[in-house]
Structure formats: C-alpha cells, structure tokens
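Colleague: can you look at this prediction? I've put the sequence above it.
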Number of protein chains: 4
Amino acid sequence: MQFTIDNASNRPVYQQIVDQVKRDVALGRLVRDDKLPTVRRLAAQLVINPNTIAKAYRQMEQEGIITTKPGAGAFIALLDSNLSEIVRARIICERLEMVIVEAFHLQVQKESLREWFEKALEKFKFSPEKGLKNE
Amino acid sequence: MQFTIDNASNRPVYQQIVDQVKRDVALGRLVRDDKLPTVRRLAAQLVINPNTIAKAYRQMEQEGIITTKPGAGAFIALLDSNLSEIVRARIICERLEMVIVEAFHLQVQKESLREWFEKALEKFKFSPEKGLKNE
Amino acid sequence: MQFTIDNASNRPVYQQIVDQVKRDVALGRLVRDDKLPTVRRLAAQLVINPNTIAKAYRQMEQEGIITTKPGAGAFIALLDSNLSEIVRARIICERLEMVIVEAFHLQVQKESLREWFEKALEKFKFSPEKGLKNE
Amino acid sequence: MQFTIDNASNRPVYQQIVDQVKRDVALGRLVRDDKLPTVRRLAAQLVINPNTIAKAYRQMEQEGIITTKPGAGAFIALLDSNLSEIVRARIICERLEMVIVEAFHLQVQKESLREWFEKALEKFKFSPEKGLKNE
DNA sequence: GTGGTCTAGACCACC
DNA sequence: GTGGTCTAGACCACA
C-alpha cells in the first residue's frame, strides 16, 4: 500500500491516511485480513510524527475498518456497519446534496454531474446487490 | 430565510450559515438580488456574535455567492464561477468519490446510491443545459 | 522576512501583510515551502493583534499563496491559479487601465510610463515563457 | 456621459463615479469645460442617494479633476498636477508593481502582460511628449 | 444603520 | 506550540 500525504491540503494528515485506507478498501486493493504497516514504520516512511499515524489507526479501529491485535499489527476488518438503514441513508443523502449544491455553484451542468457520478461509481467494488435481479 | 445552527456539529457556525445560503440558492429559494438579513439582525436572531456572521458573509463574498455593500447590506449575486473547467471537475469528482467511498463503508448498495443521487439531483434548480438535446 | 506596517495607510493592516508576502514571492525572495513566521510571533514583532495576522494568513490561503497547517505553521505554496484564463485577463487588464488613467491625470508622459513599467517588470522573477522562442 | 454602477463590485459607488469620469477624461471623451450632470439629476438617473453623488463630486474637485461653480454646475478642469515629479513617479511605480505582482500570482506570462499594457496604453489620449522627437 | 477592521482574550483540533 | 473558531466590544467608511 502506497500512502501519499499532500501537505498543501487543508485536510489533517491523520485524516488523509484514513481516507486512503478507506478508498483502497472500496477499490478492492485492500481486502479483509490484509496487514497494514506498523505505526513506527509508516511514520518513518512518511516522515511524520508517529502520534499522527497512531491517531489515524485509532480512528479507523473506531470506525470498524481495521482491527489492531497488540503485538501483531493492524489488519483490515470485515465490513459491518452497525448503523440503522435510516441513519445511513440520512448521512449519505446529506453528503450527496452538499456535493450537488457545490456543483451547482460551480455551474456544473446536471449532465456532467451525472456522468462523473457514474464514472466514479464504476471505480469501486460494490458487492453484488442482495435481492436485486441484476447489477 | 430561516437559519438553524447546530452547536453540536463539528462544522463551524459560520460554515453552517454559508452552507444554508448556498443550499437555498441551489433550491431556488433565494435568487439574484435577494437581500440577506443584516449582520446584526441575524446575529441577534441566532444568538451568535456578529463577527461570526460577518465571517460567513465575507466567505460567501469571496466565493462569489453574495455581494456586500457597506451601508446597503448583503445581496445574492449573479452566479458566475471564476474557476477553470478543469479545477471545477477535479473538485466535484473528488468529492463525489469521497461520498461513494463513505457509502461503500456504510454498506450502501450501488442501486440505493444511484436512486438517492437522482432524487437529490431533482431537488435543485439547475439551469437548462446549454447545447444538449435532452435534459 | 522583514515586515513593515504603515498605520497611516488606508490599506488595512492585514492587507499590507498579504501585499508584502505576495511581493516577496514575486521577487523570488520567498520560494515554495518557505516557512512564514508563526501568527503569534509575527503579532508580537509587529505589535499587532494575532487575529489580524491570522486574517492575513487566511486570506493568503484562500488565494492559494500559502498553505497553513495547524500544529505545523504556514508555508509558501506552489503557485497554481485556479482562475480561468478569461477572468485572469480581465482582472489584470482592468487594473492596468486604472493605473494608466491615474498616470494620465498625474500628467505622466507615456514614455515615462513605459519605462517604469519595463523597469518594474524586470524586478520580478517570472518563469520562462512556455512555447515562446525568445524571452 | 453615460454612467454605469456595478452593484456587484466592492468598489464604493462614489468611487466608481470618480473612476468613470477620470477614465473618460483620459479617453478624450470629456474635455476641459465640459459640463457634468447636476448632482440631483445624476442621482435620479442612477437611482442613488444624492449624498453619494455629492461625495464623488467633492472628491473630484479635491483631486483637481473638476471645478464646481455654485449655481452653474460642475465642469471638467484643466489638468494640472501640483505633485512633484518624484512623488508622481513613486505613486505610479508602486501601483505598477502591485499590478505586476498580482499578474505574477495569477501566472500571467510576462509577454501577455506587456501586450496588455501596450494595448491599454493605446486607448488613452496622452498629450504629445514634450522634448521627445517621436511618439 | 450597513458592513469592515481591529483589539483582547478564551477554547479547541492538530502535530 | 501551531493555526482556527468564537465572543465581546470599539471605531470607521459607506449610503
């Protein structure tokens, strides 16, 4: 797994690490039980304070993305959101709307937005739909 | 225009105000030349320091959402993004992908996501596409 | 980096700071990744409220001149204007015309103006022109 | 003389009026002894507070651009800057440098800047150079 | 009365 | 210790 930190970004460093792991999982590049680098090793590699890496790992564990086994390291966990259907819908719909509002103000055309959405959607390895005939 | 502030949110108060104005513009509830509440009035109404409101207005002005004129007030501006096409596409695509990654980890199905996206898209008043046959 | 504030000037203090940083970048005195003084340190040095410095830094960040990272400091960014060609041309042409009108009313001769323009132009470190044979 | 006020601009209304008169003088559209509209008339025409127009006229008189004859109206004055050569040079050079710095940060090429400068220069009616052979 | 600027001082997230 | 946010309150330019 290759991490890259963008120092020009406003996004906190620890958050960038979380983002990248989540993205790689969604892309299918990281799968269950894959081992992440140790905190120290990654800190050395990215030339970053180990506390920052530790914070990223802590957050990912909290989100259920990884499990850390003391002495063994950190591993990608089984996806299992414990949030209710309704809460999940609310979170995602709200975020979708915010992106759309942003696009509106950037005067992006509706069709471009649809196209970009579909293109982005294709990138990620969604599991086959349950209870749906096709997809 | 009705504002609501969620003090529990991580999102800064001034940003919440910006979000709401931008949303209302995109929904068509606010249109060009509509007058926003005065800084002091809105501050009193929301029980917030006037400087915080002023900060929100300043940010919106910088984004080109409104124009402020001392002595007159703040008004919805003509929307006209100064950003180049490439930058706009990059901003939106990146944000779309982040929402999709988030949805993936919440185990939202691809079809639900598509449906929510379309539903959200319908809410906002995009201008008719230029040079496209259908819309 | 040496800052000087003119309290007699109409130009806001925070804007004077922005001006000076931008000038030093254009002169080549400040280059990418150079660290700016911390907000508190500069505030102490100039005997100015830290919020005023912070405002200057915030504005520069929005203009893409610097990037600020809490816990690390503020750094000169890679310059990369997000604005479209047309907007950039409009901004600069308008400002050039205003200076010329000003010069006209001060009864400056056209030749003096040309000379001063060229002399000023030589001071700054423009990158070599892309795709042009000479320059 | 046609005035237009841009409400979207940050520039104060009274300043916009001054700008336009100065520009028209430099363009040769307004010459010595031309009569400006009365304060009341212009205020009515632009749908603006008469105080604002009065302020613009007051400033122009102070700058020596117009002379107001009570009861008769306001007239374009003879250009005659009483500032010393050195002061004038300092004012203009400083402003030229600021535009150039701005252009630098917008990543405008030096050649474009030269071209725009020349094009702008041609627009205005500079008087023939004194003591210079050609112009 | 409008927004803009500046000061003073508190608290928080990030590194 | 870094910058970011928010509050409180003063003064100024603009309309």
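Modeller: All right, it came through fine.
Colleague: distance check, the closest residue to A:V99 other than its chain neighbours against chain C.
Modeller: The shortest distance from A:V99 to any non-neighbouring residue, by CB to CB, 6 or more residues apart in numbering or on different chains, is to B:R95 (4.7 Å). Glycine gets a C-beta too; all of them are placed from N, C-alpha and C. Note on B:R95: its distance to chain C, by CB to the nearest CB, to the nearest Å, is 15 Å.
Colleague: B:R95: which element?
Modeller: Secondary structure assignment for B:R95, by DSSP states H and E: helix B:85-105.
Colleague: which elements pack onto that helix?
Modeller: Contacts defined by 3 or more CB pairs under 8 Å, 6 or more residues apart in numbering or on different chains; DSSP states H and E place helix B:85-105 against helix A:13-27, helix A:85-105, helix A:110-123.
Colleague: what does it rub up against?
Modeller: A:19, A:22-23, A:25-26, A:63, A:65, A:79, A:81, A:91-92, A:95-96, A:99, A:102-103, A:106-108, A:112-113, A:116-117, A:119-121, A:123-124, A:126, B:81, B:83, B:113, C:82, C:84 (CB atoms under 8 Å, 6 or more residues apart in numbering or on different chains).
Colleague: can you check stretch A:37-54 too?
Modeller: Taking CB under 8 Å, 6+ apart as the rule, stretch A:37-54 contacts A:1, A:3, A:5, A:13-14, A:17, A:36, A:57, A:73-74.
Colleague: quickly note the distance from the closest residue to A:K119 other than its chain neighbours to DNA strand E.
Modeller: The shortest distance from A:K119 to any non-neighbouring residue, by CB to CB, 6+ apart, is to B:C93 (7.9 Å). According to CB to the nearest atom of the strand, to the nearest Å, B:C93 and DNA strand E sit 24 Å apart.
Colleague: check contacts around the residue nearest to the spatial centre of chain A.
Modeller: Against the mean C-alpha coordinate of chain A, by CA atoms, centre = their mean, the closest residue is A:K22 at 2.5 Å. By CB under 8 Å, 6+ apart, the contact list for A:K22 reads A:60, A:65, B:101-102, B:104-105.
Colleague: do the same with A:L106
Modeller: Residues B:81, B:83, B:88, B:91-92 are the ones in contact with A:L106 under the rule CB under 8 Å, 6+ apart.
Colleague: re the thing from before, pLDDT score assigned to the residue nearest to A:K119?
Modeller: At B:C93, the model reports a pLDDT of 97.
Colleague: what number of residues are in the vicinity of it?
Modeller: By other CB atoms under 10 Å in any protein chain shown, 18 other residues sit near B:C93.
Colleague: by proximity to chain C, which residue of chain A wins?
Modeller: Here chain A gets closest to chain C at one residue, A:A8, 4.7 Å apart by CB to the nearest CB.
Colleague: that residue reaches C:I76, doesn't it?
Modeller: No - judged on CB atoms under 8 Å, A:A8 makes no contact with C:I76 at a distance of 10.5 Å.
Colleague: could you break chain A into its assigned domains?
Modeller: A:13-76, A:85-123 (automatic domain parsing).
Colleague: check contacts around the residue lying closest to A:G28 once chain neighbours are set aside.
Modeller: The shortest distance from A:G28 to any non-neighbouring residue, by CB to CB, 6+ apart, is to A:K125 (3.7 Å). When contacts are counted by CB under 8 Å, 6+ apart, A:K125 touches A:26-28.
Colleague: ok, A:K55 next?
Modeller: A:Y14.
Colleague: check the secondary structure at it for me.
Modeller: At A:K55 the chain is in helix, as set by DSSP: H, G, I helix; E, B strand; the rest coil.
Colleague: now list the buried members of the contacts of helix B:85-105.
Modeller: A:19, A:22-23, A:25-26, A:65, A:91-92, A:95-96, A:99, A:102-103, A:106, A:108, A:112-113, A:116-117, A:120-121, A:124, A:126, B:81, B:83, B:113, C:82, C:84 (16 or more other CB atoms under 10 Å in any protein chain shown).
Colleague: does A:L113 really touch B:L121, like I thought?
Modeller: Yes - contact criterion CB under 8 Å: A:L113 and B:L121 qualify, at 7.0 Å.
Colleague: hang on, the earlier thing: out of the contacts of stretch A:37-54, who's near DNA strand F?
Modeller: Among those, no residue is within reach of DNA strand F (CB under 7 Å from any atom of the strand).
Colleague: okay, A:V108: pLDDT?
Modeller: pLDDT, read off for A:V108, is 96.
Colleague: wait, a strand at it?
Modeller: No - secondary structure of A:V108 (three-state DSSP): coil, not part of a strand.
Colleague: let me see the contact set for it.
Modeller: B:88-89, B:92.
Colleague: so how far is C:L83 from it?
Modeller: A:V108 is 17 Å from C:L83, where distance means CB to CB, to the nearest Å.
Colleague: ok, A:T38 next?
Modeller: Distance from A:T38 to C:L83, counting by CB to CB: 44 Å.
Colleague: hey, what's A:I66 bridged with?
Modeller: Beta-bridge partners recorded for A:I66 (DSSP bridges): A:I76.
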